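S.K.: how would this look folded up:
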Amino acid sequence: MRSGDAAARPRAICVVGAGAWGSHHVRTLAELGLLGGVVELDDARRADLAARHPGTPVFAALDAALAHGFDGWVVATPARTHYEVARALLDAGQHVLVEKPITLFADEARDLCRRAHARGVTLMVGHVLLFHPAIRAIKALIDSGKIGRLQYVYSNRLNLGTVRTEENILWSFAPHDVSIFQYLVGARPIAVESRGAIFLQPGIHDTTMTMLRYPDGVVGHIFLSWLHPYKEHRIVVVGSQGMLSFDDSSEGKDVLFYEKGIDWVHGQPVRRDGPTEVIPYERRAPLAEELRYFAARLDGSPVTIAGGDDGVEVLEILEEATRDLLASEAPRARAGEQAADRVSGTTGSARPRARPYSRSRPR
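M.R.: Next comes the predicted model:
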């Protein structure tokens, strides 16, 4: 497409995959005047899309959409297909936003980054919470020194469901929190530990607790569960001079600053319990902010938030957490199997192992 043509009209972005989350991309892009087309394999969904968005081309195959031509692409297909679809688009010289996780393996994500760099095109990953105005406000407060020296960050992402059958809770929900931690701390963790438990399906963790240790003594932890009596999406940031909290599942969704902490007076710890302040921020939809940001970088402008390299870093941290999680399960699994064998009188029986996701690496 000629640059003059692109400048003369709004950007046209094609969504690949209009399922549960892809449908949100379709709707939001349409509201922003940026929806160019949709690729969807399911016949019934295609018919519904054509009815909801008359005049918007809907394709059954990626090749047909590529032949039509668009300014940018959102890949919202199942995670196991992200690498294949994004690779085809990048190889065709297209600007691409891939939903999280960018791929299921860090080396595949690194390959996508290399392809994007070689072709001079934009590659972003859908870490949508980095575009949440509340998270941006928290980052600004940390950088301004309002809470003093950053000491501790934790997040709780808890609910009853939605239970996944292809991936465990860590891979399903931790990408959100890991990406936020990386954004707020601004450094790579020097150590990652993870523990969890399996209750509902063989080999798939339903709850995990992951500890991240960063340079300068900063510590974070991420508590995840889809087997919990109530919904909570809370992040707490603790500094030497104050604390911040934000609960995205609360009615008010306020960012709160607590003038609280512990001071040492004459060698004794003294509680500092000051007032609580509501921090104002713009109440904008994170997905719309993310898509606006992507559309503004279809001219090759630098990506400083949620770029492909950020997606690689999140995957590398998840893989490190997974290795520790599965290693911690092995001794207990062996002990449990030995006890079960003693009771049942059997030995060497094959049992399902804990796994982060059901897809195996292709040969």
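S.K.: going forward, measure contacts between C-alpha atoms and count neighbours the same way
M.R.: Noted.
S.K.: Just the element for Ile262, please.
M.R.: Assigned by DSSP states H and E, Ile262 belongs to strand 255-265.
S.K.: partners of the next helix or strand after that strand in the sheet?
M.R.: Remark: after strand 255-265, the chain's next helix or strand is strand 268-279, criterion DSSP H and E. The strands beside strand 268-279 in its sheet (DSSP bridges) come out as strand 255-265 (antiparallel).
S.K.: Off-centre distance for the partner strand?
M.R.: 30 Å (CA atoms, centre = their mean, to the nearest Å).
S.K.: before we move on, what about stretch 271-284?
M.R.: 26 Å.
S.K.: Give me the contact list for that stretch.
M.R.: Residues from elsewhere that reach stretch 271-284 (CA atoms under 8 Å, 6 or more residues apart in numbering): 132-134, 137, 254-263.
S.K.: Narrow these to those that are buried.
M.R.: Buried subset of the contacts of stretch 271-284 (neighbour count, 16 or more other CA atoms under 10 Å): His132, Pro133, Ala134, Ala137, Asp254, Val255, Leu256, Phe257, Tyr258, Glu259, Lys260, Gly261.
S.K.: I'd guessed the first one sits against Ile305; true?
M.R.: No. His132 is not in contact with Ile305 according to CA atoms under 8 Å; the separation is 11.9 Å.
S.K.: Where do the strands of the stretch 51-200 of the chain begin and end?
M.R.: With strands called from DSSP state E, counting those that start in this stretch, the stretch 51-200 of the chain shows them at 58-59, 72-75, 95-99, 123-126, 150-160, 191-197.
S.K.: hang on, the earlier thing: and the contacts of stretch 271-284 as TSV, adding pLDDT and distance to Ala12?
M.R.: Shown next, in TSV, are those (pLDDT from 0 to 100; distance: CA to CA, whole Å):
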residue	pLDDT	distance to Ala12
His132	98	24
Pro133	97	25
Ala134	98	29
Ala137	98	30
Asp254	97	35
Val255	98	35
Leu256	98	39
Phe257	98	41
Tyr258	97	44
Glu259	96	47
Lys260	94	49
Gly261	93	50
Ile262	92	53
Asp263	92	55
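S.K.: Looking at these, which is nearest Ala92?
M.R.: His132 (31.2 Å; CA to CA).
S.K.: Burial check on the residue lying closest to the closest one once chain neighbours are set aside, number of neighbours?
M.R.: Once flanking residues are discounted, His132 sits nearest to Pro286: 4.5 Å by CA to CA, 6 or more residues apart in numbering. By the criterion of other CA atoms under 10 Å, Pro286 has 18 neighbours.
S.K.: Now do the domain split for the protein, please.
M.R.: Using automatic domain parsing, the domains assigned to the chain come out as 3-129+288-307, 130-284.
S.K.: now the end-to-end length of the longest one.
M.R.: Domain 130-284 stretches 13 Å from its first residue to its last (CA to CA, to the nearest Å).
S.K.: for stretch 55-71, same thing?
M.R.: Termini of stretch 55-71 sit 17 Å apart (CA to CA).
S.K.: now stretch 77-96
M.R.: Termini of stretch 77-96 sit 13 Å apart (CA to CA).
S.K.: before we move on, back to that, need the strands of the stretch 51-200 of the chain in a markdown table with distance to Val178, mean pLDDT and mean neighbour count, can you?
M.R.: Output for the strands of the stretch 51-200 of the chain, formatted as a markdown table (distance: least, CA to CA, whole Å; pLDDT from 0 to 100; neighbours: other CA atoms under 10 Å):
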| stretch | distance to Val178 | mean pLDDT | mean neighbour count |
| --- | --- | --- | --- |
| strand 58-59 | 34 | 98 | 22 |
| strand 72-75 | 21 | 98 | 26 |
| strand 95-99 | 15 | 98 | 26 |
| strand 123-126 | 13 | 98 | 27 |
| strand 150-160 | 10 | 97 | 20 |
| strand 191-197 | 11 | 97 | 19 |
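S.K.: Distance to Ala330 added to the ones you listed, as TSV?
M.R.: Listed next are the strands of the stretch 51-200 of the chain as TSV, based on distance: least, CA to CA, whole Å:
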stretch	distance to Ala330
strand 58-59	46
strand 72-75	36
strand 95-99	32
strand 123-126	33
strand 150-160	26
strand 191-197	12
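S.K.: Nearest to Asp309, out of those strands?
M.R.: When the strands of the stretch 51-200 of the chain are compared for distance to Asp309 using CA to CA, the nearest one is strand 123-126, at 8.5 Å.
S.K.: Output the closest one in PDB with nothing but the alpha carbons.
M.R.: Extracted in PDB, the C-alpha atoms of strand 123-126 (Å, rounded to 0.1, in the frame of the first residue of the first chain):
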ATOM      1  CA  LEU A 123       5.700  -6.500  16.500                       C
ATOM      2  CA  MET A 124       3.700  -6.000  19.700                       C
ATOM      3  CA  VAL A 125       2.300  -8.500  22.300                       C
ATOM      4  CA  GLY A 126      -1.200  -8.000  23.900                       C
END
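S.K.: now that strand, how far from the chain's geometric center?
M.R.: Taking mean C-alpha positions (CA atoms, centre = their mean), strand 123-126 and its chain are 10 Å apart.
S.K.: Which elements pack onto it?
M.R.: strand 95-99, helix 308-344 (3 or more CA pairs under 8 Å, 6 or more residues apart in numbering; DSSP states H and E).
S.K.: Please consider this matter closed, and thank you.
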